[in-house]
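when you get a sec, could you give me coordinates for this:
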Amino acid sequence: MLTEAQHKALKIVRDHGPIRPREFAKAMWPDSPGWKRHCKCGPGGCHQGGGMYTAGGAYLGKLARKGWVMQRSRRLGGVYSEDGYILTHAGLVALRQAEAA
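The predicted model follows:
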């Protein structure tokens, strides 16, 4: 049985995959106050919302450990293209079971 957050996350990955942690976090938690927080980035620099990217990556990692998503990266001409997380067959089955219930 999926939690409400897991169900939402799997739907996001299904609808927007391959998805990177930054885009996932924006779709998963669009109104989070974490987007307004400042984070360090290098010597003397900072940017807003950096912790949210980490949270998105961590949540995708949890889903990957369950076998519901996997990281995909294709290399085209020395440049990574279409990298991000996609739904696995097990994730699609879990999502369908949750939607049928």
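
for this protein, which residues score under the pLDDT cut-off?
The chain contains residues with pLDDT under 70 at 74-82.

wait, S73 touches D83, no?
Yes. Here S73 reaches D83: they are 3.7 Å apart, a contact under CB atoms under 8 Å. C-beta here means a position set from N, CA and C on the backbone, and glycine is covered the same way.

give me the more crowded residue out of the two.
D83 (14 against 10; other CB atoms under 10 Å).

and the strands in the chain, which stretches?
38-40, 46-48, 69-76, 79-87 (DSSP state E).

from L63, how far out is M70?
Shown here: M70 relative to L63, a distance of 9 Å by CB to CB, to the nearest Å.

between these two, which one's more packed in?
L63 (21 against 18).

flag every buried residue along the longest helix seen in the chain.
Counting by DSSP state H, the longest helix found in the chain is helix 50-65. Within helix 50-65, the residues scored as buried using 16 or more other CB atoms under 10 Å are 50, 52-53, 55-57, 59-60, 63.

for V13, see how far away the nearest residue to H7 once chain neighbours are set aside is.
Of all residues not flanking H7 in the chain, A98 sits nearest, at 5.2 Å (CB to CB, 6 or more residues apart in numbering). A98 sits 14 Å away from V13, going by CB to CB.

for Y53, same thing?
As judged by CB to CB, Y53 and V13 stand 16 Å apart.

before we move on, back to that, now tell me what touches the longest helix of the chain from outside.
Contacts of helix 50-65 with the rest of the structure, by CB atoms under 8 Å, 6 or more residues apart in numbering, involve 6, 9-10, 13, 21-26, 28-29, 32, 34-35, 37, 39-41, 69-71, 85, 91.
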